[in-house]
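Participant: Give me the fold of what follows.
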Amino acid sequence: MIVVVGLSHRSAPVEVRERLAVTPADLPARLADLKQRTGAGEIVLLSTCNRVEVMAALPPADAGTLGELGGRIVDALEGTAPNIRPHLYLRDARDGIEHLFRVASSLDSLVVGEPQILGQLKDAFTAAHGAAAVGPWLNRAFEHAFRVAKRVRSETALGAGQVSIPTVTVDLAKEIFSELGGHHVVLVGTGEMASLVATLLGRAGAHLSVVGRTLERAREAAHKLGAEPRTWEEFPGLLATADIVVSSTSAPGYVVTLDQLAQTRRQRHGRNLFLVDLAVPRDIDPRVAEFDGVFLYNVDDLSQVADAALTDRQREAEKASAIVSEETESFLRRAHAERITPTLVALRDRFRKALETELEHSLRGQRIPLEAAHKEALQRALAAAVEKMLHAPTERLRAWAKDDACGDWHTDLLVSAVEELFQLTDSPATPMKNESAKR
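Facilitator: Numbers count the residues shown, from 1 in each chain. You can find the predicted model right below:
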């Protein structure tokens, strides 16, 4: 079972989310730190502009301690960002699985139906694999989550309509400038979302410039976008000529500051400036919005605009939610059945060893020893008898464990009852107590 601890656009504004944000370069170190501080054997860290979530797993047999693991994760995140605790949510067991499936299916996204989150989730899973932080339980949960997302895409129109952060950005740009042909767009950073925005603006006729940390990085991105590469030293001058600035970097501080913009105002001659801040932590000082003619939108602002355009998707979202609920129950039924499998194996082994012990006891009393072939035939008969005797109980126990009306407590009760009734916690070699054993 899994536990999810984190925050998202639903629980915290961008100024809070940015305090926990992790860059791809820092991800391995943060994963290692979380494993050490929480004792989690399996852990994935997802960090996007809209959410930071820690997903950890325990075997079904240890599901009762999920809450304790979740508490340690909360403490670890609080240690990283003091006073973050009130914004965190903790979802475990069934709720944790369903949350993972909803995130993968884009039902919990800023823009419901956007496709980027699935790729980000896969990247986080791959990074955890690379850091040796994923084991069988998270592997199983994430693979199922990816299948759920694929099913939602194929069976609903949740992703139709092209309502996303990039399309909303382009629509806002058209509202500000009417026509985008001939307008100058400066892309700062090469994040996936920002590149999508720049691509759409370029298709609408805007002239693109790309500013990278190095000229080589800028050239690489510019080649893909059909843009002009520029150095970081040229950026202040570009602010004076830009109509739209799209920023998405992993810089620790503001890339566009109040002083920078104040210095360019005379050169701009009152022209409008559209600033799009897609970074978390934010790249653009929010105070610049106080200037006349400056339109600043961060990811939260863009999501509010997108939400207004998503009413037509509500019905599809309901269909997708039904699929997620169905798949959650299916996953849990299999997990519960697997929880009881070791007990069933031990039960069969217990019966087999008890009968074999009785057979050996009986054969030792025979004056004429059985031939090997006869003894082997008796052993096969005993094995068949065990299978026949335990077939119906085994199937019934599996069915009870799969019962979707039952939770972990029910499966644990079944396991405990069977282990107690048949003394499965004893040494496997010890026969069950019976009258013949006393002879």
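
Participant: What is the longest helix of the protein by residue count?
Facilitator: With secondary structure taken from DSSP state H, the chain has its longest helix at helix 314-364.

Participant: What's the first helix or strand after that helix?
Facilitator: Sequence order places helix 372-402 as the next helix or strand after helix 314-364, per DSSP states H and E.

Participant: What is that next one packed up against?
Facilitator: helix 314-364, helix 408-421 (3 or more CB pairs under 8 Å, 6 or more residues apart in numbering; DSSP states H and E). (Each C-beta comes from the backbone N, C-alpha and C, glycine too.)

Participant: Give the rounded mean pLDDT of the first one.
Facilitator: Spelled out, it's helix 314-364. Here helix 314-364 scores 83 as its mean pLDDT.

Participant: still on that earlier bit, show me what the longest helix of the chain is packed against.
Facilitator: Applying 3+ CB pairs under 8 Å, 6+ apart, one finds that helix 314-364 contacts helix 93-104, helix 136-155, helix 372-402, helix 408-421.

Participant: Pull out the buried positions in the second one.
Facilitator: Across helix 136-155, burial judged by 16 or more other CB atoms under 10 Å covers 137-138, 140-142, 144-146, 148-149, 151-153.

Participant: Identify, from the residues you listed, the entry nearest to L414.
Facilitator: Nearest to L414 among those, counting by CB to CB, is W137 at 20.2 Å.

Participant: quick revisit: next, format the buried residues of helix 136-155 as a markdown table and append distance to D259 and pLDDT.
Facilitator: As requested, those are exported to a markdown table (distance: CB to CB, whole Å; pLDDT from 0 to 100):
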| residue | distance to D259 | pLDDT |
| --- | --- | --- |
| W137 | 51 | 91 |
| L138 | 46 | 96 |
| R140 | 52 | 92 |
| A141 | 48 | 95 |
| F142 | 45 | 97 |
| H144 | 51 | 96 |
| A145 | 45 | 97 |
| F146 | 46 | 97 |
| V148 | 48 | 97 |
| A149 | 44 | 96 |
| R151 | 51 | 96 |
| V152 | 47 | 95 |
| R153 | 46 | 93 |
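
Participant: still on that earlier bit, right, and the helices and strands packed on helix 372-402 - which one's nearest G70?
Facilitator: Taking the helices and strands packed on helix 372-402 one by one with CB to CB, helix 408-421 is closest: 14.7 Å.

Participant: average model confidence for the closest one?
Facilitator: On average, helix 408-421 scores 70.

Participant: go on, stretch 70-84?
Facilitator: Across stretch 70-84, the per-residue pLDDT values average to 96.

Participant: Could you list the buried residues of it?
Facilitator: Neighbour counts over stretch 70-84 (16+ other CB under 10 Å) mark 70, 72-74, 76-77, 80-81, 84 as buried.

Participant: picking up where we left off before, comparing the helices and strands packed on helix 372-402, which stretch has the densest surroundings?
Facilitator: Of those, the one with the most neighbours on average (mean count of other CB atoms under 10 Å) is helix 314-364, at a mean of 17.

Participant: So what angle separates the directions of it and helix 372-402?
Facilitator: Interaxial angle of helix 314-364 relative to helix 372-402 (axes from the mean of the first three to the mean of the last three CA atoms, to 10 degrees): 150 degrees.

Participant: Contacts only, for the closest residue to R51 other than its chain neighbours.
Facilitator: Once flanking residues are discounted, R51 sits nearest to S8: 3.7 Å by CB to CB, 6 or more residues apart in numbering. Going by CB atoms under 8 Å, 6 or more residues apart in numbering, S8 touches 17, 50-53, 108.

Participant: Generate TSV for those residues, with neighbour count, secondary structure and pLDDT as supplementary columns.
Facilitator: Shown next, in TSV, are the contacts of S8 (neighbours: other CB atoms under 10 Å; DSSP: H, G, I helix; E, B strand; the rest coil; pLDDT from 0 to 100):
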residue	neighbour count	secondary structure	pLDDT
R17	28	helix	95
N50	24	coil	92
R51	24	strand	96
V52	27	strand	97
E53	25	strand	98
D108	20	coil	94
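
Participant: Tell me where this structure is predicted with low confidence.
Facilitator: Applying pLDDT under 70 to the chain flags residues 60-64, 161-163, 308-312, 365-368, 401-412, 426-439.

Participant: what's the burial count for V386?
Facilitator: Number of residues near V386 (other CB atoms under 10 Å) recorded here: 20.

Participant: Would you check that it makes contact with F351?
Facilitator: Yes: V386 lies in contact with F351 (CB atoms under 8 Å); the separation is 4.8 Å.

Participant: Name all residues that make contact with A173.
Facilitator: Neighbours of A173 in contact, by CB under 8 Å, 6+ apart: 180, 183, 201, 204, 244, 274.
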